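>>> sharing a model prediction with you, sequence too.
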Amino acid sequence: MKSIAISAIILLSSICLYGAGPLRVAFVGDPQVDNGTELEYARKSIYSELRKRTDIDFAVFLGDLVNDNTGLLCPTVQTLDSLPFPWFSVPGNHDRDVYKEKGRIRDLYSYTATVGAPDTSFVRNGIRFILMNNVRHSGKSEYEGEFKQKGKDFIKGVLKDTPSKQPIVFATHIPLSWSKGLDSLTTMLRSHSRIIFVGGHTHSVSRHSIERQGQIPVHEIIAGAACGSWWRGEKGPDGIPSALQNCGAPRGYFIADFKKSGKYRLEYKVIGSDEAPVSAYISKDSLLYVNIFGGSTEGRTTVRIKDSRRHPAMEALRTEAVAPEVARTIESNKALTREERRARRDEFIPLRKIPSPHIWTVRYCMEIPENTFVEIRYRDRNMKIHTTVPLRNL
């Protein structure tokens, strides 16, 4: 097995993975396979793509390898072991054993036996990685994001062995901004300035800052889900469901290129596509929407209609709006009868009108013709995109 795990009891015996030069890490959220069919979807899409990549140093899977079916953990691990690089995983709320006995709380018996211990820490290229279980179950289905006392002790033990200037990447399943005890965690991390939180769980993509009084904010990356919206939606030519996420991002994962200083560049990689992670739509009243799938709430976007001197580059404003892709899907869903929804259940994506965190808009004072291309420049501290995409009608 290429996964590497450490018992929470061994607090100070961290794994040291040595290497020189830059470090490339894949952060993959929620493959969440429910049955053999979905496992094949994962094998033919996310796992197949990663198997072909020889540029990655290791991958971190952010929980929910399976969807309440722990019998699929063994074939999943066998598939992951075929990757050409080491992999690590944190447990998700759906990676736990489900018991028929009334009142018996779900646990990680199968996960620990098959994948490894739930809490792991190691150093690679001068960067401290802390990978931890932060799911607390209180019943058959009730859970919340929080560290147990054993987990807190593990964190304190690792931090004692971590210099204050050493960069830290802290990965969990439930995003730490969604978890109880965030203030307690940031207090434990008060002596450390260069920190990144990475999580999955939400089946949507987000990047934002978590403020800390008198300290440098923490950058949080919510990586979305490799299964998208639970492997649902119309199937593409490859036979894989589209499974659009509620933020409008297609199924994907993040690639982080770290320097030894802890500085890093990010890329949101759409699974099965080499195109830039961007879409552009124009409404009937000439409001142009740009969706930067892995964009940060602090990013800046400019747009320019191609092949026209009448349209100079304009700065777009980040807008709390439903992603155009989601709005179109919701309208398409409304057109289906109840019987059609039942008959096409696997194709029906139950999306909601929730604002996406990575939408930018700009209004034009003239009609934009169809079949127009738009040049998009996006930039934040850790991501740059310059691309040209077709402008679609909304």
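Structure received. Just so it is clear, the model here is predicted, and its values are computed rather than measured.
>>> low-confidence regions, the stretch 51-200 of the chain specifically.
Scanning the stretch 51-200 of the chain for pLDDT under 70 picks out the ranges 139-140.
>>> in it, which spans are strands?
With strands called from DSSP state E, counting those that start in this stretch, the stretch 51-200 of the chain shows them at 58-61, 87-89, 120-124, 127-131, 135-137, 143-145, 168-171, 195-199.
>>> can you give me the helices in the stretch 101-250 of the chain?
Secondary structure of the stretch 101-250 of the chain (DSSP state H, counting those that start in this stretch): helices at 109-114, 149-160, 182-188.
>>> turn these into CSV, including mean neighbour count.
Placement of C-beta: from N, CA and C, glycine included. CSV is the format used below for those (neighbours: other C-beta atoms under 10 Å):
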stretch, mean neighbour count
helix 109-114, 16
helix 149-160, 16
helix 182-188, 16
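>>> out of those helices, which comes closest to Y281?
For the helices of the stretch 101-250 of the chain, the distance to Y281 is smallest for helix 182-188, at 35.0 Å, taking C-beta to C-beta.
>>> gap between that closest one and the chain center?
Remark: helix 182-188 is offset 22 Å from the chain centroid, using C-alpha atoms, centre = their mean, to the nearest Å.
>>> what sits up against that helix?
F147, K152, I155, K156, L159, L176, I210, R212, V218 (C-beta atoms under 8 Å, 6 or more residues apart in numbering).
>>> remind me which residues of the stretch 201-350 of the chain are low pLDDT?
Across the stretch 201-350 of the chain (using pLDDT under 70), the flagged ranges come out as 307-310.
>>> go with 90
212-216, 259-262, 284-286, 306-313, 332-348, 350 (pLDDT under 90).
>>> what are the ranges of the strands in it?
Under DSSP E, counting those that start in this stretch, the stretch 201-350 of the chain gives strands at 205-212, 215-223, 252-258, 264-270, 278-282, 287-292, 300-305, 314-318.
>>> and R265, how many residues sit next to it?
15 (other C-beta atoms under 10 Å).
>>> leaving out the residues flanking it, which one is nearest to it?
Nearest non-adjacent residue to R265, counting by C-beta to C-beta, 6 or more residues apart in numbering: D257, 4.6 Å away.
>>> okay, and the beta partners of that neighbour?
R24, R265 (DSSP bridges).
>>> test my guess that it contacts N382.
No - applying C-beta atoms under 8 Å, one finds D257 not in contact with N382, separated by 9.5 Å.
>>> between the two, which is the more surrounded one?
When D257 and N382 are compared for neighbours, N382 comes out ahead with 20 against 16, by other C-beta under 10 Å.
>>> so that one, which of the three states?
Per DSSP: H, G, I helix; E, B strand; the rest coil, the secondary structure class of N382 is coil.
>>> distance check, it against T297.
Distance of N382 to T297, computed by C-beta to C-beta, to the nearest Å: 13 Å.
>>> now swap in K259 and tell me
Remark: distance between K259 and T297 (C-beta to C-beta) = 24 Å.
>>> okay, buried residues for stretch 312-327 please.
A316, R318, A321, V322, A323, P324, E325, V326, A327 (16 or more other C-beta atoms under 10 Å).
>>> looking at K259 and T297, which is more packed in?
K259 (15 against 12).
>>> if I pick R128, what's in contact with it?
S14, S121, F122, V158, T162, Q166, P167, I168, V169.
>>> which residue is nearest the centroid of the protein?
Central residue of the chain (C-alpha atoms, centre = their mean): A223, 1.1 Å from the mean position.
>>> my read is that that residue contacts G199, right?
Yes - with contacts counted by C-beta under 8 Å, A223 reaches G199, the gap being 7.0 Å.
>>> quick one on the thing from earlier: residues in contact with the residue nearest to R265?
P22, L23, R24, Y264, R265, L266, E267.
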